[in-house]
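In: here is my input, please return the structure:
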Amino acid sequence: MLNTTRFANTRLDGFSVLEIQSEGVTGFVPLRQTTVTGIVAGPLAELTQVQTFAFSKAAFDGAIEALYRFPLPGDAAVLGVTIRFGEVELVAVLQERAAAEAEYQSAKSQGRQAALVTRESPDVFTLHVAGILPDQEVQVTTHFVQLAQAEEGGKWSLRLPLTTAPRYIRNAERRSPHARGNPLFTLRDPGHRFSLELTLKGATSATCSSHHPTLTVNDEGLSLRLESVLPNQDCVILWRAAASESQIGLRVFTHENVFLAQVAPPLTASSAGLPREVIVLVDHSGSMQGTKWRAADQALTRFLSSLTPQDRFALGLFHSTCRWFSPELSLATPKAIGEAIGFLKRHQDTGGTELGEALEQALRIPRTAGTELARHVLIITDAEVTDTGRLLSLVEREARRDQRRRVSVICIDAAPHSHLVHQLTEKGGGSAHFLTSDPEQDDITTALDKILREWDAPLHTGLTLRVGTSTQELGDLPQKRARWVVGELPEATEAPFTLESQGEVLATALPQPGPAAVKALVGVRRLNALDYLLTGHVQSDEIRRTLKALGLPEIYASDASASLRKLLIEESLRTGVICSLTAFSASRKEQGQVVTASVPIANAHPKGWAGASSMGGSLGAMALKSLVDMPVGTADICRSVTPAPKQGFFERLRGEARSRHPHKAGELFGEPDDSGTYDLDEGGALECVAFSGVPNFIQGEALLYDSKAGRSKAVSVGNFLTALQVRYPQGPPYQLDSGLVLLLFVDNPTVPTVRLPLNELLQQGGKRSLGFLQIRGAHVRLVLVDKNGHWASGAPSLEVRLG
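Out: Residues are numbered from 1 along each chain as shown. Presented below is the predicted three-dimensional model:
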């Protein structure tokens, strides 16, 4: 029933349509199910993930190779992998990655069944399974452990990622291993499902904000069961422990020479509330389009309204570049707040996700004179970037400054880059809060209230955990926020541990026996620290400081990269925990069928993401295009299988490419990355012409291209769209009206995936990176809007090219 008396007064995003879509996914999807089972005792979650592959002979008559890029928690330690081909079980061996890849390739080429698991970034892994036969079930079992996160009020949370969202890749990060931490491709429904069976020991109550599991009470605590859900968002579980397991200042568990300690600073009197100096960064990149964008703007508006005239603030809106409300801090007067909100509403342009560049600019803003100020940076983002090492190096440098600014993050996404967010706030001395992609939910207000409470709470600075002559620096921690830490001692000990702040003893505890899994958690922390040294473009003094804290030998600056790689491999093999330079591999000795097709498996398109997938930087397109754009004929990739590549597969999967933006000495992010104007093919014009001529406007709109219209020439750019260019054959206009906007629609006919004001595009040289837009089989439209009728009396000839 349509209501003819009311209408939604929305921004000009297109036209209204009613589209009937068929339900379900058709096609060849060999991955059937992913199931996670396990037990959470205290903060330690010991989990097992089983991925089940199967297909019928009617679907495909031959042996296949399955390729799947899947997520795991970034702080999880993978303990082992087993593979079962029918009744035959193989135990994977951890070895150097190059050797594991060679062994896998050799087995596959000889027709022997094999499997390979590699780690691309701390929270993204790639699974290769060769020799899956029709009507044979194959199961890949991965054992891992992780720590739960402490929450307010004696609660704990566990976040299990179910899909990998596309992440922005800076041009300067093309050669970084973390650039491989992107999905092979995404679909609204990838054709496989997720289930969960979890026991929460000692839990008295539990909720799941993301799903609707079945909860049952048992002798151990609570059991949680989730059956076959679409894996398009993180599974987030929150529970309350028994009173005896909370409100404790210090608890320590040891296993051999490693320890796991709960640190909870005691309550003290409330502070009077210092004036704040707050810099707010709001993500307006392409991946934030849709409900996430509205949630971010709504969060900013509410936050600005909470400031008082004694506070100072700065506001930056970032995507490929960062646009500042003012180059200096402004007093938070009602007039300034109103102007800042107006600034937010006026600027709705979008692009890549240059978070590092924006954060670096924010930290360089001159500080207000005086020491009696609470200095903070608040980032509102989905954190879908790959340059983790540089970002962490940036906040670590800030943490060592006098009058430091503490970094907090409100992360808005159903499938966020949570590992990066936790690392940023832990090293930045701030707090992390995760919201869904739905701006209508009340969690925005709740998150802001929590942040303000923490900022006003007394801060315990310079926390140190001490046992005998060994110490571990913990940084700063607000009251009410517990934290679990892991570490390694020179030798096993039964001596008491003490928690100290500025020389004052806050708590003392004797160690209790702990599980062997603690050793793996220590191992993954050490590996991540070494990994960030390798990828973060850090200076030599930072390398020396980190290696000393890890108890590792000093290395020579002239050979730092090779030495770090060697240390990383050695630590991985010593601890038995996978890293980016090692891999788990297994293969059968018996001869079988040679693989005749390779099948990449899609991740679910994250819930709340608008339009098609969006990844920035040319590597995102190049690296993934090299794998997914293998010959598949004319069928959609989800409805076909891909002929197995004959050689160079791993090199193409890595997507290594020459960087056009070498690292500048003394700067982490340097000048703007040119991500909005880079030339994808290193040449001039992009090759595919989508429109050429004079636009014909009808009621302020000109349709330039429609992939479903018979009169439109087909544009062949492969599976992905990575760049757009506007050229003027008779020369660029002297001036362009701000109301001239080019809209690119991908699949969604009413909400544009990309909005490009022509005046801004002209200033950027006429060419703009689109990041990574998956367009194979999608409905693609280009519409030019003339909001103010500037070209109503006559438009110039123009050419729109895609690449």
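In: compute the first-to-last residue distance for stretch 278-296.
Out: For stretch 278-296, the first and last residues are 17 Å from each other (CA to CA, to the nearest Å).
In: kindly apply the preceding question to stretch 702-722 instead.
Out: 23 Å.
In: what sits against the residue nearest the centre of the chain?
Out: For the chain, the residue nearest the mean C-alpha position is residue 417 (2.8 Å; CA atoms, centre = their mean). Each residue near residue 417 by CB atoms under 8 Å, 6 or more residues apart in numbering is listed here: 123, 165, 167, 382, 383, 384, 385, 411. Where C-beta positions appear, they are placed from N, C-alpha and C, glycine not excepted.
In: check residue 796 too.
Out: 694, 728, 730, 733.
In: same check, this time on residue 76
Out: Contacts of residue 76 by CB under 8 Å, 6+ apart are 47, 144, 145, 146, 524.
In: same list, those, but as CSV with pLDDT please.
Out: Below are the contacts of residue 76 laid out as CSV (pLDDT from 0 to 100):
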residue, pLDDT
47, 98
144, 97
145, 96
146, 94
524, 92
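In: among those, which are located in strands?
Out: When DSSP state E defines the strands, the subset of these inside them is 47, 144, 145, 146.
In: not counting residues beside it along the chain, what's closest to residue 47?
Out: residue 38 (3.6 Å; CB to CB, 6 or more residues apart in numbering).
In: what helix or strand is that neighbour located in?
Out: strand 31-41 (DSSP states H and E).
In: direction included, what does that strand pair up with?
Out: If you go by DSSP bridges, strand 31-41 pairs up with strand 44-53 (antiparallel), strand 193-201 (parallel).
In: just how off-centre is it within its chain?
Out: 22 Å (CA atoms, centre = their mean, to the nearest Å).
In: so where do the helices sit in this protein?
Out: Listed in chain order, the helices of the chain (DSSP state H) span residues 97-109, 291-306, 334-346, 355-364, 388-399, 418-428, 443-456, 517-535, 540-550, 560-575, 617-628, 649-654, 758-763.
In: mean pLDDT for those helices: which is lowest?
Out: Lowest mean pLDDT of these: helix 617-628, a mean of 32.
In: rewinding a little: mean confidence score for the strand holding residue 38?
Out: Mean predicted lDDT for strand 31-41 stands at 97.
In: got the contact list for residue 601?
Out: Taking CB under 8 Å, 6+ apart as the test, what residue 601 contacts is 29, 30, 31, 66, 67, 68, 184, 190, 192.
In: hey, which of the helices of the chain is tucked in deepest?
Out: helix 617-628 (a mean of 25; mean count of other CB atoms under 10 Å).
In: point out where the stretch 701-803 of the chain drops to low pLDDT.
Out: For the stretch 701-803 of the chain, residues meeting the criterion pLDDT under 70 lie at 710-720, 751, 771-777.
In: alpha carbons of the strand holding residue 38, as CSV, please.
Out: This file holds the C-alpha atoms of strand 31-41, laid out as CSV (Å, rounded to 0.1, in the frame of the first residue of the first chain):
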residue,chain,number,x,y,z
LEU,A,31,32.4,-24.3,0.6
ARG,A,32,29.3,-25.4,2.4
GLN,A,33,29.7,-24.5,6.1
THR,A,34,32.0,-22.9,8.6
THR,A,35,31.5,-24.0,12.2
VAL,A,36,33.2,-22.7,15.3
THR,A,37,33.1,-24.6,18.6
GLY,A,38,34.9,-24.0,21.8
ILE,A,39,35.0,-23.0,25.5
VAL,A,40,35.6,-19.6,27.1
ALA,A,41,37.1,-19.9,30.6
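In: hang on, residue 133 packs against residue 593?
Out: Yes. With contacts defined as CB atoms under 8 Å, residue 133 counts as touching residue 593 at a distance of 6.5 Å.
In: residue 137: how many residues sit nearby?
Out: 15 (other CB atoms under 10 Å).
In: try residue 504
Out: 9.
In: again with residue 688
Out: The number of residues near residue 688, taken as other CB under 10 Å, comes to 17.
In: let's see the PyMOL selection covering just the buried ones among the ones in strands among the contacts of residue 76.
Out: Applying 16 or more other CB atoms under 10 Å to the ones in strands among the contacts of residue 76, the buried members can be selected in PyMOL as follows:
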select buried, resi 47+144+145+146
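In: of the ones in strands among the contacts of residue 76, which is the nearest to residue 402?
Out: Ranked by distance to residue 402 (CB to CB), the ones in strands among the contacts of residue 76 are led by residue 146 at 35.5 Å.
In: tell me the pLDDT at the closest residue to that closest one other than its chain neighbours?
Out: With CB to CB, 6+ apart as the criterion, residue 146 has its nearest non-adjacent residue at 4.0 Å, and that residue is residue 76. With respect to pLDDT, residue 76 scores 94.
In: residue 690 now?
Out: At residue 690, pLDDT is 89.
In: now swap in residue 177 and tell me
Out: Reported pLDDT for residue 177: 75.
In: that one contacts residue 580, doesn't it?
Out: Yes. Between residue 177 and residue 580 there is a contact at 4.5 Å, judged by CB under 8 Å.
In: list the contacts of stretch 317-326.
Out: By CB under 8 Å, 6+ apart, stretch 317-326 touches 281-286, 314-316, 339-340, 343-344, 347, 349-355, 357-358, 361, 616, 672-673, 675-676, 769.
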